[in-house]
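Visitor: return atomic coordinates for the entry below.
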Amino acid sequence: MVRDLQSIEKELQELENQVETLSDKLKTAYQEYTEILGDTFKQQLVFSVYQICTQEYPQGFLNLSLSQQQNLQKKVRELAEKAKENFKLGGDFLKQMENQTDDSPQEEDASEESDNLFSEQWETVSHVEEQNNEATINQNILKELLTSTQQDSEAASADDTSSKHPDQILNWSKRQENAIALILENVSSQANETLKEAGILPQEFPKEMIDAALQAEDAGSMSNRAPGVLHLMLEVERKNQQQKSDNNEVMQLSIIRLRVGEMEFAAPSLNMKRRELRNMTQEVQQLQEQYHKLSKERAIAQAELAWRSSWHEDEA
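Guide: Predicted coordinates:
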């Protein structure tokens, strides 16, 4: 027996109030989390670059003049500060990129333009001055994240009740995580490109190969000495001029790969805030289940009421 519609509506209202309260707490927690993440990230990036320059490729760093060394360090600090600003933008960072893709006039050029999309957005948000050192991101990663978040937005818009709808809160949370992952991916790529341009990293490895390694979950092994440093064994094709044949040589490469999980592990305050976010998200998920159950119950009650209201016996 379905309950009366009035009692269901009352319970839904109470549930929406709980969701709204929890939503405010979750957004505040994310603000605090990104503040801590920005500070932790800056320390991690500087330390990882330090490890690359002093432990992995010390001779490359020693080959630089004092001014070149200082310029490299300055670029790393600026990169960290600008990334910290973008962490604060959260899901809005993705929204701005989505707007750019929506404004694209030709779909057939989307894949070609997506390589430049992140470069333009990074420059706009972070005010990067060096045009030759623009940030780039693998278009497949970018398209996957944008597609995921666009689908989430469309799913939530079907029943748009602002922060009272648990689906929207979970989608918002997912956008924050996607933005963090995208920024970290890009910063790692840009840091490696900066090191390569300075002559620290070996020149044999093209940027595409390094970025592919960054995106692979099981690529290489992380450094025991320095989280954020990835060790790779890559096969490089070399042309043998005398024998006119191609020889494959396996070479070791150490690069920057920053992961949020490693930073949370290294920073107790960040890890504690992550646990807080996880607990809140689980609460929203529980409320989401109740919300869907009550929504279905309300729909059934409304349908039964509509049936009874419209029913009439055929005249004999």
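
Visitor: what comes up buried for stretch 211-218?
Guide: For stretch 211-218, burial by neighbour count (16 or more other CB atoms under 10 Å) applies to 211, 213-214. In short, each C-beta sits where N, CA and C put it, glycine included.

Visitor: so where is the protein shaky, pLDDT-wise?
Guide: Within the chain, the segments meeting pLDDT under 70 span 1-2, 91-162, 217-225, 236-248, 315-316.

Visitor: which helix is the longest one in it?
Guide: Looking across the chain with DSSP state H, the single longest helix is helix 5-51.

Visitor: so what does whichever helix or strand comes after that one touch, helix or strand wise?
Guide: For helix 5-51, the succeeding helix or strand toward the C-terminus, using DSSP states H and E, is helix 58-62. Helices and strands touching helix 58-62, by 3 or more CB pairs under 8 Å, 6 or more residues apart in numbering; DSSP states H and E: there are none.

Visitor: the longest helix of the chain packs against which elements?
Guide: Counting by 3+ CB pairs under 8 Å, 6+ apart, helix 5-51 packs on helix 66-89, helix 166-197, strand 245-256, helix 260-266, helix 268-310.

Visitor: circling back to that earlier point, out of the buried residues of stretch 211-218, which are inside strands?
Guide: Judged by DSSP state E, the buried residues of stretch 211-218 include no members of strands.

Visitor: how about residues contacting stretch 288-303?
Guide: With contact meaning CB atoms under 8 Å, 6 or more residues apart in numbering, stretch 288-303 is reached by 2-5, 8-9, 11-12, 15-16, 19, 165-167, 170.

Visitor: just the closest of those residues to Asn279, please.
Guide: Leu170 (14.0 Å; CB to CB).

Visitor: residue contacts, that closest one?
Guide: Leu170 makes contact with 281, 284-285, 288, according to CB under 8 Å, 6+ apart.

Visitor: JSON lines please, covering the residues you listed and showing neighbour count and distance to Leu72.
Guide: Formatted as JSON lines, those follow (neighbours: other CB atoms under 10 Å; distance: CB to CB, whole Å):
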{"residue": "Thr281", "neighbour count": "18", "distance to Leu72": "39"}
{"residue": "Val284", "neighbour count": "21", "distance to Leu72": "44"}
{"residue": "Gln285", "neighbour count": "12", "distance to Leu72": "45"}
{"residue": "Gln288", "neighbour count": "17", "distance to Leu72": "48"}
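
Visitor: turn these into a markdown table, including distance to Leu182.
Guide: A markdown table is the format used below for the contacts of Leu170 (distance: CB to CB, whole Å):
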| residue | distance to Leu182 |
| --- | --- |
| Thr281 | 19 |
| Val284 | 23 |
| Gln285 | 24 |
| Gln288 | 25 |
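
Visitor: redo the helices and strands packed on helix 5-51 as TSV? Include distance to Cys53.
Guide: Formatted as TSV, the helices and strands packed on helix 5-51 follow (distance: least, CB to CB, whole Å):
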stretch	distance to Cys53
helix 66-89	8
helix 166-197	8
strand 245-256	11
helix 260-266	19
helix 268-310	25
